[in-house]
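>>> build the 3D model from these lines:
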Amino acid sequence: QRSLVAYRTQRAPIKTLLDTFEHAKTFGSLIQIPTALGDQLAAIATGLQQALNDGDLYARQAAKDVLPLVWQALLLATKFDAVVANPPYMGSKGMPSAIKDFAQKKFPLAKSDLYSIFIERAFAWCKPSALNAMVTMQNWMFISSYESFRQALLSAREFYQITQVGYNSFPEINSKVVQVCAFVFGAMPVDGHIGVYVNLNDAPQSSDKDAVFLNRTESMVHKRTREQFKKIPGGAVVMWASDVSLSIFESTPRLAEYVHTREGLTTGSNDRFLRYWHEISLAELSIPTVKVPSAHRWIPYVKGGAYRRWSGNLEYVVDWENDGEAMKSFADTETGRIRSHNYNGAFAFRSGVTWSSITSGDFSVRHVPEGFMFDTKGPMGFMKFGTSTYSVAAFLNSEVAGHFMKMLAPTLDFKIGHILNLPYRADAAESQAECAKTCVDISSEDWRSSEGYWEFERLAFIPSNPTGSLLHVSWSAWAARADQSVSRLRELE
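Next up, the predicted model:
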């Protein structure tokens, strides 16, 4: 650097340049050129070129080493009319520590994935009137970890066009994992602009999306302003949402005003602390027939499960001997950190509703009586004062709630925030409370009559006093009762 001073290249900007490109092979085009350095690059390049032509041996070598960095910096600092890219994908869990730390420091809103970081980085290359066009993963549009990033886009950028390709984006690879969207954003917002949105997910999952796009129907194309997405909790970009649905989100109270939700227990080792109820002695099981758990070792445990409405999926028990002493002291052998957390606290053993947090089917909730603990895969909702459990269950198992859940959680990963953000009319739901109670009773009776229930004694079609009874008569009577219950449940739903 000293040999270059005579050529109007000061030490400070050269040092800044070298520091900026210290990890260039790791960060590549994510490197951002400081404004002060960018303003001096042209002068530095002129000085280095002069040193390369007229300098002594040391000056020429120094200029030869530094000049390529100047050219790279000039390119990275250039502003363009359009930026087009298909950026790489890498979730934060898979990032090397250097990239993860860099992302957290330089791109805090976009740090969840490399592709979202490149979306933000591309705007730094844009002139004020420029366009940013990319093909990326689609999950930034709706999942909760991108909420701040999404809100920033809705506030500071313009949405000109988005095509949600979804399933079968790349037929040659796993089309259920790599689901993409293609978009054109403006660097500056344009008030009142109506964007065009194409939803190719309306087509069957295995469809040729190129053909679907070229032959798209009017029902696949939606036009709206980016401001309208702000009406949806979390700013989810749900392009197919109707004006009526958006209005309901805007004008109706949230379920959070009526319900507390809690994520469940993480045991640290399910193999060690969980069992199916039939794997233990019933003498050690606390049957949930009282308001507080007994001194038994095993406590009934709610843990998600298959799609089922109203009641059931009560299969697991958790080792809670001495108030969970073994679990609360279960530590990682390497770090010494306690592996379990979220012990349910004051919400343990309370009645409420639960749902499976991850499912391949529709959203559904089940009533949970008192005496249960609950898992992180089976979070629970508890009623605030004056709210009926059955009215909330009626709403959450309705087609209305299912419609809004598809907007809030299109990935079928049902977080407690999704449930709390549902629009809820207490008066309408309360009118259905008795219907919901009947549905719970029918579903509970069905569960108790199965071998999956810990107090199961006999199959329902076998009478308690079989003397003199014919099996086919008992079966016919039971089948008639079962058909009647199923018909009644369908009628009420």
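>>> quick one: contacts for residue 298?
The contact partners of residue 298, taken as C-beta atoms under 8 Å, 6 or more residues apart in numbering, are 275, 277, 280, 284-286, 317-320. The C-beta positions use only the backbone N, C-alpha and C, and glycine is treated the same way.
>>> how far out from the middle of the chain is the longest strand seen in the chain?
Longest strand in the chain, counting residues (DSSP state E): strand 126-137. Chain-centre distance of strand 126-137: 25 Å, with C-alpha atoms, centre = their mean, to the nearest Å.
>>> swap in stretch 72-90?
Taking mean C-alpha positions (C-alpha atoms, centre = their mean), stretch 72-90 and its chain are 29 Å apart.
>>> can you pull the buried residues of it?
72-73, 76-77, 83, 85, 87, 90 (16 or more other C-beta atoms under 10 Å).
>>> before we move on, what about stretch 216-230?
Those buried within stretch 216-230 under the rule 16+ other C-beta under 10 Å are 216, 220, 222, 224, 226, 228-230.
>>> and that stretch, end to end?
End-to-end distance for stretch 216-230, by C-alpha to C-alpha, to the nearest Å: 27 Å.
>>> avg pLDDT for that stretch?
For stretch 216-230, mean pLDDT is 94.
>>> got a list of contacts for it?
151, 154, 157-159, 189, 192-200, 202-203, 212, 235-240, 246.
>>> distance of the residue most central in space within the chain relative to residue 456?
Nearest to the mean C-alpha position of the chain, counting by C-alpha atoms, centre = their mean, stands residue 143 at 4.0 Å. Distance from residue 143 to residue 456, counting by C-beta to C-beta, to the nearest Å: 40 Å.
>>> so who does the residue nearest to the centre of the chain touch?
Taking C-beta under 8 Å, 6+ apart as the contact definition, residue 143 lies against 411, 413.
>>> let's go with 7 Å and repeat that
Neighbouring residues of residue 143 by C-beta atoms under 7 Å, 6 or more residues apart in numbering: residue 411.
>>> return the subset of the contacts of stretch 216-230 lying in helices.
151, 154, 212, 246 (DSSP state H).
>>> just the closest of these to residue 301, please.
Distance to residue 301 across the ones in helices among the contacts of stretch 216-230 (C-beta to C-beta) is lowest for residue 151, with 37.1 Å.
>>> where are the low-confidence patches of the protein?
1-9, 173-177, 288-295, 466-469 (pLDDT under 70).
>>> which phi and psi does residue 324 have?
Phi and psi for residue 324, reported as degrees, to the nearest 10, are phi 70, psi 30.
>>> again, but for the one 3 residues further on
Comment: the main-chain dihedrals of residue 327 come out as phi -70, psi -40, following degrees, to the nearest 10.
>>> that one contacts residue 272, correct?
No. Under the criterion of C-beta atoms under 7 Å, residue 327 makes no contact with residue 272, lying 8.3 Å away.
>>> so those two - more neighbours on which side?
Shown here are residue 327 and residue 272; by other C-beta atoms under 10 Å, residue 327 has more neighbours (23 against 14).
>>> what sits against that one?
267-268, 273, 319, 340.
>>> what's the distance between it and residue 207?
Per C-beta to C-beta, residue 327 is found 48 Å from residue 207.
>>> perfect, I'm done here.
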